[in-house]
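> how does the following fold in three dimensions:
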Amino acid sequence: MKIKITITSLILSFVLFSCKKDDTLFELKSPDETGVYFNNEIVETDSFNILTDEYIFNGGGVAVADFDQNGYPDLFFTGNQVANKLYLNQGDFKFKDISEVAGISASDKWCTGVTVVDINEDGWMDVYVVAAMKTGTGERNNLLFVNQGKNSDGSVSFQEMAAAYGIADSGNGMGAAFVDYDLDGDLDLYVLNNEQSKITPSNYREKITDGTAINNDAFYRNNGDGSFTNVTQEAGITIEGFGLGLLISDLNNDGWPDIHVSNDYVTNDLLYINNQDGTFSNQISKKLKHQSQFSMGSDIADFNNDMMPDIVTLDMLGEDNYRKKTTIGKNSYQVYISNEQWGYEYQHVRNMLHMNNGPEAPFSEIGMYAGMYQTDWSWSPLFGDVDQDGWRDLLITNGFPRDITDKDFANYRADVGNIATVRQLLDSIPIVKIPNYAFKNQGDWTFSNTGNEWGLDKPSFSNGAALVDLDLDGDLDYVVNNINDPAFIFENGLSEKPEKGDYLKIELNGPSSNPQGLGAKVVLTFSDGTKLFQEQQLVRGYMSTLDAAMHFGLGQNKSIAELKVIWPDGKINQLSTIDPNQTLFVSYAQAKPGNHSVAILDLETGSPLVNEVTDGVGISFVHQEQDKIDYNVQRTLPHKLTQYGPALAVGDLNGDGM
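You can find the predicted model right below:
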């Protein structure tokens, strides 16, 4: 029997990694071809499984950086029950596993999120790895692998030094990001935590907003002397959350980095706006009128080319009717009421696309209109112009080995949970192994599902992911960290196609304290006056860190009149008449002096169409509605019938012509 299973597995693996449609955009490379055999294998036992540890299948991330300085981006994968892996890129999609000699395995820890930074300003990229799940002394301490440079054989080695720098955070970590929040020139650290308590995480209760919750995130200030200080309370990072997504961006265009956190379960997402004085204020209710309920990974990019960063968050809504009916419950009216009673912002079980309307206005949530709101149990969204038509597309990973939201399983567990064995319960839980999603940006605020057309429709349990030009041919390849399958490495074949758009890659050479230029803003202006915008932020998607090389798809026959790089301190590089299809190196050392106010983009904003004049005309009427729950009488109603809101009629009642 074991021989039959092994042969079947080999056949399935061969089919998975060898099938290619000639007309697809991406080709899945096999581990035998690339040398990347990393597999985030997770094995359940009677004492450790999805029923005892709900986050067992939250997966791991991917980090991209040129760790050995050979000009090619290398790959770092975090493992849960397995060791971390570091693969050096040898070119032509060939990689070398140097994990053991590099000293980054951390096989005694359950590693999740990963990011990169030059912590000691020596010119070599270091790695910060977040740990979770285990409860023994020191088992959750985060890790800082400091790059010691090249060995005689061309590999690199690392030394673990998180405690020495004061950032061995011991929370149940899901991710981390370096950010210069106080604009003093060095990079500070935000750590995303997700600690499960004995309280059911989906139950409503009073929010903990004083920083004392066990699932509070952590914030560390860089002291500039090789040490960090925990300033979580001082900075105002005091609101609890079951964190899964972390993003940094100047969302209100004031020149200061803000923080967006996507939280699971009942806890709301957070939008920490930088107060420019070393503190943050959560303005999520002012900026986003509703959110994903079980927010997973997230991303920020200017998807509609209006020079303003937009936000996408993922949830768990199934695409077809069967998945909708058999899995997680629908948005109920009682949940709506509970949100109001307990002071929570409104949440809905679906992906959200929040379109930025400018610094003063709230975002518009257009996920349903855009056509990307239902992608099942999703993890990592990434914006990137993979077809180089000048519009950023959206790639989404998903899948889950045990669907504990399945209603049939819930009924079965309720009936026999007290007498069934753990193995019987586990075997009755459905598997959610479905293809990842790819959405082509149509350029009109909508996306079309192109997963099959682009060759990304491989069923998997996929988590963290990264977009990166692995072979330096100018287009974006795709790397995915999978559970119980080898990692996906998709080669983008756009450069070989006759009909393809142009590109421009930009590599920023920042100051020694911020060599990747985090927080810098890049604006391309074409000869016809249209523009493309991108902010340099690398922690994106889910548990992952992208390559520092910035990629712009240009479309066809576009002439770049000007390129402007605006550094966080206001210094500017300004170049004109840029040729496409090249990698452009831009140095901070050559930037012109400026002041911080320059870091605020000149956005085109029109005058308001209407103005508030209520006080001036003496109208003070307030409509009072009776709250009746129609659904308790008739559950199949599509909407309430007892609440249509106030009526309004207009006419010349006194005959004065007005």
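> helix or strand right after the helix or strand residue 28 falls within?
Counting by DSSP states H and E, the element that carries residue 28 is strand 26-29. Proceeding N to C from strand 26-29, the next assigned helix or strand is helix 31-34, under DSSP H and E.
> export the helix or strand just after that next one as PDB, just CAs?
Beyond helix 31-34 on the C-terminal side, the first helix or strand identified by DSSP H and E is strand 62-65. What follows is strand 62-65, C-alpha atoms only, in PDB (Å, rounded to 0.1, in the frame of the first residue of the first chain):
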ATOM      1  CA  VAL A  62       9.200  34.600   2.000                       C
ATOM      2  CA  ALA A  63      11.900  37.300   2.100                       C
ATOM      3  CA  VAL A  64      13.900  38.500  -1.000                       C
ATOM      4  CA  ALA A  65      17.300  40.200  -0.900                       C
END
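> now find how far off-centre the strand holding residue 28 is within its chain.
23 Å (C-alpha atoms, centre = their mean, to the nearest Å).
> for the protein, list the residue farthest from the centre, please.
Centroid-distance maximum for the chain: residue 655 at 60.4 Å, with C-alpha atoms, centre = their mean.
> check the secondary structure at that one for me.
For residue 655, the reduced secondary structure class is coil; criterion used: DSSP: H, G, I helix; E, B strand; the rest coil.
> and residue 319, by the same measure?
Secondary structure state of residue 319, per three-state DSSP, is coil.
> once you drop chain neighbours, what's closest to it?
On the basis of C-beta to C-beta, 6 or more residues apart in numbering, the spatially nearest residue to residue 319 that is not a chain neighbour turns out to be residue 374, at 4.8 Å. C-betas here are computed from N, CA, C, even on glycine.
> for that neighbour, give me its contacts.
If a contact means C-beta atoms under 8 Å, 6 or more residues apart in numbering, then residue 374 has 317, 318, 319, 350, 351 as its contacts.
> mind pulling the model confidence for it?
Confidence at residue 374, expressed as pLDDT, is 96.
> sorry, back to before: mind giving me the PyMOL select for the contacts of residue 374, buried ones only?
PyMOL command restricting the contacts of residue 374 to the buried ones, with burial defined by 16 or more other C-beta atoms under 10 Å:
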select buried, resi 317+318+350+351
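> what bridges to the spatially most central residue of the chain?
Taking C-alpha atoms, centre = their mean as the criterion, residue 541 is the residue nearest the geometric centre of the chain, at 2.3 Å. Each beta-bridge partner of residue 541 is listed here: residue 298, as defined by DSSP bridges.
> all helices for the chain, in order.
2-18, 31-34, 99-102, 162-165, 232-235, 284-287, 321-326, 333-342, 367-370, 407-416, 422-427, 614-617 (DSSP state H).
> want to try CSV for those helices, with distance to residue 84 and mean neighbour count as columns?
Shown next, in CSV, are these (distance: least, C-beta to C-beta, whole Å; neighbours: other C-beta atoms under 10 Å):
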stretch, distance to residue 84, mean neighbour count
helix 2-18, 23, 11
helix 31-34, 17, 17
helix 99-102, 7, 18
helix 162-165, 14, 16
helix 232-235, 27, 17
helix 284-287, 33, 16
helix 321-326, 33, 13
helix 333-342, 39, 14
helix 367-370, 34, 18
helix 407-416, 33, 13
helix 422-427, 27, 13
helix 614-617, 60, 8
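> so where's this structure uncertain?
In the predicted model, the chain carries pLDDT under 70 at residues 1-22, 196-200, 329-331, 598-599, 604-608.
> per-domain residue ranges of it.
Listed domain ranges for the chain are 26-502, 503-593 (source: the TED database).
> nearest to residue 631, out of these?
Comparison of these against residue 631 by C-beta to C-beta identifies domain 26-502 as nearest, at 5.4 Å.
> return the distance of the closest one from the chain's centre.
Relative to the chain's own centre, domain 26-502 is displaced by 5 Å; criterion: C-alpha atoms, centre = their mean.
> and for stretch 611-626?
For stretch 611-626, the distance from its own C-alpha centre to the chain's C-alpha centre is 42 Å (C-alpha atoms, centre = their mean).
> strands of the stretch 351-500 of the chain, start to end?
Per DSSP state E, counting those that start in this stretch, the stretch 351-500 of the chain carries strands over the ranges 352-355, 364-365, 378-384, 393-398, 434-435, 437-441, 447-449, 459-460, 462-468, 477-482, 488-492.
> now those strands as JSON lines including distance to residue 26 and mean neighbour count?
Conversion of those to JSON lines gives the following (distance: least, C-beta to C-beta, whole Å; neighbours: other C-beta under 10 Å):
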{"stretch": "strand 352-355", "distance to residue 26": "23", "mean neighbour count": "25"}
{"stretch": "strand 364-365", "distance to residue 26": "30", "mean neighbour count": "18"}
{"stretch": "strand 378-384", "distance to residue 26": "12", "mean neighbour count": "27"}
{"stretch": "strand 393-398", "distance to residue 26": "10", "mean neighbour count": "27"}
{"stretch": "strand 434-435", "distance to residue 26": "12", "mean neighbour count": "20"}
{"stretch": "strand 437-441", "distance to residue 26": "8", "mean neighbour count": "24"}
{"stretch": "strand 447-449", "distance to residue 26": "15", "mean neighbour count": "17"}
{"stretch": "strand 459-460", "distance to residue 26": "14", "mean neighbour count": "18"}
{"stretch": "strand 462-468", "distance to residue 26": "11", "mean neighbour count": "28"}
{"stretch": "strand 477-482", "distance to residue 26": "6", "mean neighbour count": "26"}
{"stretch": "strand 488-492", "distance to residue 26": "4", "mean neighbour count": "25"}
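> closest one to residue 102 among those strands?
Among the strands of the stretch 351-500 of the chain, strand 477-482 comes nearest to residue 102, with 17.9 Å by C-beta to C-beta.
> so what strands line up beside the closest one?
Each strand that strand 477-482 pairs with, and the sense of that pairing, follows from DSSP bridges: strand 462-468 (antiparallel), strand 488-492 (antiparallel).
> what angle separates it from strand 393-398?
Here the directions of strand 477-482 and strand 393-398 differ by 20 degrees (axes from the mean of the first three to the mean of the last three C-alpha atoms, to 10 degrees).
> mind listing what's buried in stretch 453-462?
Judged by neighbour count (16+ other C-beta under 10 Å), stretch 453-462 contains these buried residues: 453, 454, 455, 456, 457, 458, 460, 461, 462.
> kindly report the same for stretch 45-63.
Neighbour counts using 16+ other C-beta under 10 Å place 49, 50, 51, 55, 56, 57, 58, 59, 60, 61, 62, 63 of stretch 45-63 among the buried residues.
> still on that earlier bit, of the domains of the chain, which is nearest residue 603?
Closest approach to residue 603 among the domains of the chain is made by domain 26-502 (5.8 Å; C-beta to C-beta).
> what is the end-to-end distance of that closest one?
18 Å (C-alpha to C-alpha, to the nearest Å).
> number of nearby residues for the nearest residue to residue 590 once chain neighbours are set aside?
When the adjacent residues along the chain are set aside, residue 590 lies closest to residue 573, with 6.3 Å between them (C-beta to C-beta, 6+ apart). A total of 20 residues lie near residue 573 under the criterion other C-beta atoms under 10 Å.
> residue 573 touches residue 564, doesn't it?
Yes - under the criterion of C-beta atoms under 8 Å, residue 573 makes contact with residue 564 at 7.1 Å.
> for the residue nearest to residue 590, list each beta-bridge partner.
With DSSP bridges applied, residue 573 shows beta-bridge pairing to residue 565.
> contact partners for residue 141?
Going by C-beta under 8 Å, 6+ apart, residue 141 touches 131, 162, 163, 168, 169, 170.
> ok, so what distance separates it from residue 63?
Distance check for residue 141 against residue 63: by C-beta to C-beta, to the nearest Å, it reads 19 Å.
> out of the helices of the chain, nearest to residue 90?
With C-beta to C-beta as the measure, helix 31-34 is the member of the helices of the chain nearest residue 90 (9.9 Å).
> for that closest one, C-alpha coordinates in PDB please.
Coordinates of the C-alpha atoms in helix 31-34 are reproduced here as PDB (Å, rounded to 0.1, in the frame of the first residue of the first chain):
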ATOM      1  CA  PRO A  31      12.300  21.800  -7.700                       C
ATOM      2  CA  ASP A  32      14.700  19.500  -9.600                       C
ATOM      3  CA  GLU A  33      15.300  22.400 -12.000                       C
ATOM      4  CA  THR A  34      15.700  25.200  -9.500                       C
END
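> I appreciate the help and will end here.
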